[in-house]
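K.L.:
Got a sequence here, can you model it:
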Amino acid sequence: MNLNAIAIANIKRRKAKAAFVLTGLLIAVATVVALLGLRQAVSFNMLLQLEQYGANIVILPQSDSLVLSYGGISLGGVSFDVRKIHEDELQQVYTIPYSQNIAALGPVVLGVVTANGHDVLLTGLDFDSTPVLKPWWRILGSAPSHENQVLLGADAARLLGIAGGDTLRIEGRDLLVSGVLEPSGSQDDQLLFTPLRTAQRILDKEGQISMAEVAALCHGCPIDEMVAHIAMALPNAQVMAIQQVVESRMQAMDHFETFAYGVCGVVIVVSGLMVLVSMMGNVRERAAEIGVFRAIGYRRRHVMRIIFLEAGILALVGGALGYALGQVVMRLTLPLFTIGDAQAVHHHGGHGDLLLPVLAVGLAVVVGLAASVYPALMASRMDPNEALRAI
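P.N.:
So this is what the prediction gives:
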């Protein structure tokens, strides 16, 4: 009988102990697979949710400013030496590394105008990029599709007494109100929005922009590096990341990853202890058997190999079953950790790691063999004479 047959026969003969070792490895691998799968799916889901915040990088004209305050009384501030940004310069943004991560780039021109006798802030936008940059907009009517149309914020429409379909006179030009924004609680409620070209003509800022918004949030996007590269591409501009969005994402993910890795570590250690205790008990029970092996010529390495073969076989089976169980647990618990369609999140972000099955089985084998080192050494060092006296 060769060593492989002896190891398999021992597993079949001691089913209870084998099941104990198998259960420990199965629970450890299932926990690791479920948590790593959840981490990946939650990360993808969080990305989708955070992308709904719109722009996360702002490009402003570079300027020097001076704060006017005295004795704790603030009188505002003044900006001087304001460098202008031309619309054409924005194309440099698409030349930076990681430019493929830019979801939208929206130039903005701002200026105060008189509309129906009221001073209001006119905003010129590229409405092709607003669905990405301002996903929270809900419009009663439609966004401007022609240069002679204007979109009103909720408060601005109420102040001016204008509704969708009316005509609004701005700086001597009659513009058709294509729609009105639903109240959002943001500054947009008080603004007027026209296509970029229309606002540039009204404000006499042909080819110029006041600022630009960039949406570049994606999995693994190095926001800080993108900000640095955009600043190098636009030397006359001041580029800033909206840190609240980036930091909140990173902190939330860091906390969840720390929790997941911590739980995985604890479960792996407990699983290793279960294997160690079970294999040591197994060796003690088989002292007479090991003594016979040594008496008929089996060397120490043969005894160790039998122990390692038993642990390896159980680890392979436990790793495979644990991976399957972990996938089931991950699917069942995914709705508790995600927002929206959990199945879609799982399809796009929860099962993309093809190495996970290999890692799961490999983890079980490593834990099983590592925990069997001491029992194998203990078995190989048994004195055949003392072991045979127990018969």
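K.L.:
do you know how far residue 45 is from residue 231?
P.N.:
According to CB to CB, to the nearest Å, residue 45 stands 31 Å off from residue 231. From N, CA and C alone the C-beta is placed, and that goes for glycine too.
K.L.:
more crowded one of the two?
P.N.:
residue 45 (24 against 16; other CB atoms under 10 Å).
K.L.:
So in the chain, which strand runs the longest?
P.N.:
Longest strand in the chain by number of residues (criterion: DSSP state E): strand 104-115.
K.L.:
buried residues in that one?
P.N.:
Buried positions in strand 104-115, judged by neighbour count with 16 or more other CB atoms under 10 Å: 104-109, 111, 113, 115.
K.L.:
for stretch 230-245, same thing?
P.N.:
Quick answer for stretch 230-245 (16+ other CB under 10 Å): 230-231, 233-234, 237, 239, 241-242, 245.
K.L.:
Mind putting those residues into JSON lines with distance to residue 157 and pLDDT?
P.N.:
Below are those laid out as JSON lines (distance: CB to CB, whole Å; pLDDT from 0 to 100):
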{"residue": "230", "distance to residue 157": "35", "pLDDT": "87"}
{"residue": "231", "distance to residue 157": "38", "pLDDT": "86"}
{"residue": "233", "distance to residue 157": "38", "pLDDT": "87"}
{"residue": "234", "distance to residue 157": "35", "pLDDT": "86"}
{"residue": "237", "distance to residue 157": "33", "pLDDT": "84"}
{"residue": "239", "distance to residue 157": "33", "pLDDT": "85"}
{"residue": "241", "distance to residue 157": "33", "pLDDT": "77"}
{"residue": "242", "distance to residue 157": "28", "pLDDT": "70"}
{"residue": "245", "distance to residue 157": "29", "pLDDT": "56"}
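K.L.:
circling back to that earlier point, can you mark which positions in the helix or strand following the longest strand of the chain are buried?
P.N.:
Later in the chain than strand 104-115, the nearest helix or strand by DSSP states H and E is strand 118-125. For strand 118-125, burial by neighbour count (16+ other CB under 10 Å) applies to 120, 122-125.
K.L.:
same deal with stretch 274-282?
P.N.:
274-276, 278-280, 282.
K.L.:
returning to that earlier point: pick the one among the buried residues of stretch 230-245 closest to residue 17.
P.N.:
Nearest to residue 17 out of the buried residues of stretch 230-245 is residue 245 (CB to CB; 53.6 Å).
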